[in-house]
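Peer 1: No letters, just coordinates:
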């Protein structure tokens, strides 16, 4: 369709020149790649001469250019230098300004006080105030009081010095949840008395059950392979009264392959596909199986905590799979984190403060030449989708709605806010994001009418959510196919360019009924899990929770 392309500081905006004047907004940093198509010098066989834009948010667009005008070369150069800055300080977040930047919203001490109360078993440590113990941990976190003077020695035996930090406790069961990275026994099976004593201290703080569980998110073979590189896992011989489980969540490379297959599928979806063909194609990506694995592992954490056992979760470095498992488990365990404010605090605590590598995993502030970087992986996307699966299952248990999750993902990609820049709290401090950028939560809380679940009732689920392990994972069509199956926003006289730039004034999604999208069909047998199966199929015997009858839902504009 003919139209005009606007290149702003924040996004590309294509506006049709004829009614209904639909707009196609693309945040600069949602663009994964810009490539020329057509012409003698291009490898593609496309008959179209122009530029193809591939985005991280599962859409592609093609701009057709005149072969004789030289417009393609000029446009490509503009896009290349505008969309792919080489330095963090060139990101859009540093171009926004506001007197109230919204950073005072999150106070870690306030949340930890809510969790631990006045317990003397766990204390705040400021030993990392200058990030000298661990440069990817927050400046402040909680540890067992007995071990306050041993933190340096314990950290030396953990990858990247990411020692076990206590992040949540069940006061009734006297069980605690901790997170860390793998130990480093290596092939020589080295030991650390300090690390072993630290784990025993965590175990002794357990209530009814004196056994402490270490849930290693990795497949066992991967954990064993890490021993060759100096890592490994806890030996039952050295760590007394400890039960170790491996939870078979695949590494970042498998997840990257899965999301690439999903991207290819969603951007070429055929209107005439049958439900069976679509479900088979989704199953081949293994994407829903990966999501299911995260859910099942998190449910296991809940099961153990509620039985009175303390749990330590780790993977290799403790900032990808560990963050997924711990954050989802806390969401199930703690109703506060199911409120809009609580969910924002959960992200700040488990993802931002504990050093998930947002920039590395999503390719922030790197040029287009690095779009195939082997360190990129959809870890945070998987977490948000896992939360969506739970909101879909428990439709009255969450104060926020689907729009909130999509808003977070959009601005995770957009780099308009400082929350998701860099790879750690230390890096964001060095970038002075609090002084120079706006927090995403400022915008979110100013637009709560868009993000509130009208069916929310805190009395429906006042305590934990405890899904069955054979939970059915659904395909998130309203995110992955929103630019394929749903109506695009149209230009309105009431809306300014900033409304579209901020991404909060889109028209409501109107689902088309031409294709039913449901859970993946039964697949070939996969590796059996010790604790739960990894099914992602429907079953007549599947037990699902029975929330109150749903009210009629109104879509928010």
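Peer 2: Perfect, I can see it now. Given the structure is predicted, the values throughout are model-derived calculations rather than measurements.

Peer 1: Would you indicate which residues of stretch 387-402 are buried?
Peer 2: 387-391, 393-402 (16 or more other Cβ atoms under 10 Å). Placement of C-beta: from N, CA and C, glycine included.

Peer 1: Residue 4 should be in a helix, yeah?
Peer 2: No: using DSSP: H, G, I helix; E, B strand; the rest coil, the secondary structure at residue 4 is strand, not a helix.

Peer 1: how about the nearest residue to it, chain neighbours excluded?
Peer 2: Excluding the flanking residues, the one nearest residue 4 by Cβ to Cβ, 6 or more residues apart in numbering is residue 15, at 5.4 Å.

Peer 1: and the one you found, how far is that from residue 21?
Peer 2: Distance, residue 15 to residue 21, by Cβ to Cβ, to the nearest Å: 6 Å.

Peer 1: Looking at the two, which has the bigger crowd around it?
Peer 2: residue 15 (16 against 13; other Cβ atoms under 10 Å).

Peer 1: which other residues reach whatever helix or strand the more buried one lives in?
Peer 2: If you go by DSSP states H and E, residue 15 is part of strand 11-16. Contact with strand 11-16 is made by 1-7, 21-28, 31, 53, 61, 63, 79, 83, 414, 491, 497, 500-501, as judged by Cβ atoms under 8 Å, 6 or more residues apart in numbering.

Peer 1: next one: stretch 255-273
Peer 2: Under Cβ under 8 Å, 6+ apart, the answer for stretch 255-273 is 54, 58-60, 278, 281-282, 284-287, 290, 374, 376-379, 381-382, 480-481, 484, 514-515.

Peer 1: Can you list the buried residues in that stretch?
Peer 2: Quick answer for stretch 255-273 (16+ other Cβ under 10 Å): 255-256, 258-259, 261-263, 265-267.

Peer 1: what mean pLDDT does it have?
Peer 2: Averaging pLDDT along stretch 255-273 yields 84.

Peer 1: How far does that stretch sit from its chain's centre?
Peer 2: 19 Å (Cα atoms, centre = their mean, to the nearest Å).

Peer 1: Over to stretch 30-50?
Peer 2: The answer for stretch 30-50 is 31 Å, by Cα atoms, centre = their mean.

Peer 1: now stretch 9-29
Peer 2: 27 Å.

Peer 1: Next: stretch 423-439.
Peer 2: Per Cα atoms, centre = their mean, the centroid offset for stretch 423-439 relative to its chain is 19 Å.

Peer 1: hmm, who's touching that stretch?
Peer 2: 88-89, 93-94, 96-98, 101-103, 105, 131, 135-139, 352-353, 355-360, 416-419, 421-422.

Peer 1: Report the strands that pair with the strand holding residue 15, each with its relative direction.
Peer 2: Strand pairing for strand 11-16, using DSSP bridges, gives strand 3-7 (antiparallel), strand 23-27 (antiparallel).

Peer 1: pLDDT of it, averaged?
Peer 2: On average, strand 11-16 scores 85.

Peer 1: buried set for that strand?
Peer 2: So for strand 11-16, counting by 16+ other Cβ under 10 Å, buried means 11-16.

Peer 1: out of those, who's nearest residue 458?
Peer 2: Taking Cβ to Cβ as the measure, residue 11 is the one of those closest to residue 458, at 36.8 Å.

Peer 1: Quickly list what the closest one is bridged to.
Peer 2: Beta-bridge partners, per DSSP bridges, of residue 11: residue 27.

Peer 1: the helices in the stretch 301-450 of the chain, which residues?
Peer 2: 321-333, 340-347, 358-362, 379-393, 402-414, 425-430, 433-436, 440-446, 448-451 (DSSP state H, counting those that start in this stretch).

Peer 1: Just say which of those is most tucked in.
Peer 2: helix 321-333 (a mean of 26; mean count of other Cβ atoms under 10 Å).

Peer 1: Run the chain-centre distance for that helix.
Peer 2: 11 Å.

Peer 1: any idea how far residue 141 lies from residue 58?
Peer 2: In terms of Cβ to Cβ, residue 141 sits 35 Å off from residue 58.

Peer 1: Who has more neighbours out of those two?
Peer 2: Set side by side, residue 141 and residue 58 show more neighbours around residue 141, with 25 against 20, by other Cβ under 10 Å.

Peer 1: Hmm, residue 125 and the more buried one touching each other?
Peer 2: Yes: proximity of residue 141 to residue 125 meets the contact threshold set by Cβ atoms under 8 Å, at 6.5 Å.

Peer 1: Tabulate the helices of the stretch 301-450 of the chain in TSV, adding columns for distance to residue 315 and mean pLDDT.
Peer 2: Listed next are the helices of the stretch 301-450 of the chain as TSV, based on distance: least, Cβ to Cβ, whole Å; pLDDT from 0 to 100:
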stretch	distance to residue 315	mean pLDDT
helix 321-333	4	98
helix 340-347	19	98
helix 358-362	14	93
helix 379-393	11	97
helix 402-414	21	93
helix 425-430	20	96
helix 433-436	27	94
helix 440-446	26	93
helix 448-451	31	92
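
Peer 1: check contacts around residue 5.
Peer 2: Contacts of residue 5 by Cβ under 8 Å, 6+ apart are 12-14, 63, 75.

Peer 1: Who are the contact partners of residue 217?
Peer 2: 247, 249, 297, 313-315, 321-322, 324-325 are the contacts of residue 217 under Cβ under 8 Å, 6+ apart.

Peer 1: Can you name the residues that contact residue 376?
Peer 2: So residue 376 contacts 256, 360-363 (Cβ under 8 Å, 6+ apart).
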